[in-house]
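In: Make a model of this:
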Amino acid sequence: MRLIWVLIIIMAGSLTGYLFTRFERSPPVIETRTTPIYLGTKGSHEFYVFDEGTGIETVRVYLRKGDLVLELLNETYPGNMFTGADVNIQRHIQINLNPEEIELPDGSARLVIEARDYSWFGNRSEVGIPMFIDTKAPPISLETGLTYVRRGGAEAVVYRVDEENVRHGIELGDYFFPGFPHPADPERSLAFYVFPPHAQPGQGPVVVATDRAHNRSEVRVPIEVIERSFPRDRIELSDPFMQLKVTELLGSPDGDLLSAYLKINNEMRSENARKIRDICRTSSEDQLWSGAFLQLPNSKVGARFAEHRTYLYAGRTVDTQLHMGYDLASTAHAPVLAANDGVVIFAEPLGIYGNTVILDHGLGLFSLYGHLSEISITHREAVSRGDPLGKTGTTGLAGGDHLHFAMLIHGVFVDPLEWFDPRWIKEHIEPKLSLLLIEGG
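Out: The predicted model follows:
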């Protein structure tokens, strides 16, 4: 008799557990990005659906636009009302969308997913995501005509993009130079760009605009490239010089002295270049500078921009590099002055450049001052043209006391010579900043 009661209790417990599972009230879980979707000519969206109680029975995905309801998916998964479905399976749903194929006009819509489980209560979950359908590329109006640009030099482009919330600027090869609201007319845009020394034949600046739906427009900028050759130099490395610089930049050399120096000249140089690009990634939207940039007073030019350097040791070539700036020498520990108005965005040691200051002049334009023996300004400090920044020195990979001066546009080095030249500024830059060329002034 006792055994019968035990069996009854076990059966009752099992039935209670079974009924509890079948009548569970936890709705299915839907995981997805719920930020608004901006859909261009095509796109996709992913969902992950699972239910730990009785498993997923059905998933339905549809698009609602006004009174229109367009079903995109309706699936029923293996299982039944008595045993449910495998609760360990997570359903991955990918919806591919092409407005032209499904004949959806531009405008707002809502993407909805519904999921039901195998519970006898029929638990249901729903997630709706705002969608904005935009299949039209942002219009670009180029307002700059034919421009003459020197290889290694800079230029500016004025244009309009007749759409809001658009990423726009100049593409040239692998480089992208963002556009800014024009200082004289925010309805227009202005972008500076560099024509790199190594630009390939046929490469040129292209105004690009990409909206949130990834629609993209392109307009090629008409230019004539003024070709030029770049200087070359041969540098003989000595053990005392390498010992001095390796100790300064790496500490005690670990192993071969030449290998340690080449590590600095390659790996550290590349790391420094990446850091400079990151530092110069954002710039003030205001034009902080005006007129020509100031060269170090009473200085003699040593190495020039894009100079091709061949490094020799014991008579054999061991390395080659490009020198992306101007070396300016005056007296030892000469005062280093701000080349133009700007804001200090970096003031500390920087690898091969030694003690370094970088100024943001706005609109993507930057100046760099390297090898300083001391720094006399602080981060985020506003400076005016001619303000002291520090003193020349030999820190970093400098072989003698001098200033390494560089100009950059969004982290891309450009020949400083043009920016020293008041005539070049007046003829190439100021008309685009004042819109004189655009409006016929």
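
In: can we go C-alpha only for contacts and neighbour counts from here?
Out: Noted.

In: List the beta-bridge partners for I113.
Out: Counting by DSSP bridges, I113 forms beta bridges with V61, V127.

In: Kindly apply the preceding question to A406 instead.
Out: Bridge pairing for A406 - DSSP bridges - gives L368.

In: Mind pulling the model confidence for it?
Out: A406 is assigned 98 on the pLDDT scale.

In: same deal with I10?
Out: At I10, pLDDT is 46.

In: Grab the nearest non-local neighbour of A398.
Out: Sequence neighbours aside, H371 is the residue nearest to A398 in space, at 6.4 Å (criterion: CA to CA, 6 or more residues apart in numbering).

In: Tell me how far the host helix or strand of the one you found lies from the chain's centre.
Out: For H371, the host element (DSSP states H and E) is strand 365-372. Distance of strand 365-372 from the chain centroid (CA atoms, centre = their mean, to the nearest Å) equals 21 Å.

In: So that it lines up with my notes, have the first residue be 21 from now on.
Out: With 21 as the first residue, the last one maps to strand 385-392.

In: so what secondary structure elements neighbour it?
Out: Counting contacts by 3 or more CA pairs under 8 Å, 6 or more residues apart in numbering; DSSP states H and E, strand 385-392 packs against strand 375-382, strand 423-429.

In: need these in CSV with distance to A229 and mean neighbour count, can you?
Out: Below are the helices and strands packed on strand 385-392 laid out as CSV (distance: least, CA to CA, whole Å; neighbours: other CA atoms under 10 Å):
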stretch, distance to A229, mean neighbour count
strand 375-382, 21, 26
strand 423-429, 19, 26
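
In: can you list those strands in a markdown table and add distance to Q341?
Out: Below are the helices and strands packed on strand 385-392 laid out as a markdown table (distance: least, CA to CA, whole Å):
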| stretch | distance to Q341 |
| --- | --- |
| strand 375-382 | 20 |
| strand 423-429 | 15 |
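
In: on that earlier part again, can you check what angle separates the strand holding H391 from strand 423-429?
Out: Per axes from the mean of the first three to the mean of the last three CA atoms, to 10 degrees, the angle that strand 385-392 makes with strand 423-429 is 160 degrees.

In: Please enumerate residues in contact with the helix or strand that comes right after strand 385-392?
Out: Moving toward the C-terminus from strand 385-392, the first helix or strand encountered (DSSP H and E) is strand 394-395. Contact partners of strand 394-395, identified using CA atoms under 8 Å, 6 or more residues apart in numbering, comprise A367, E368, N375, T376, V377, L409, G410, K411, T412, G413.

In: how about a cut-off of 7 Å?
Out: When contacts are defined by CA atoms under 7 Å, 6 or more residues apart in numbering, strand 394-395 is touched by residues N375, L409, G410, K411.
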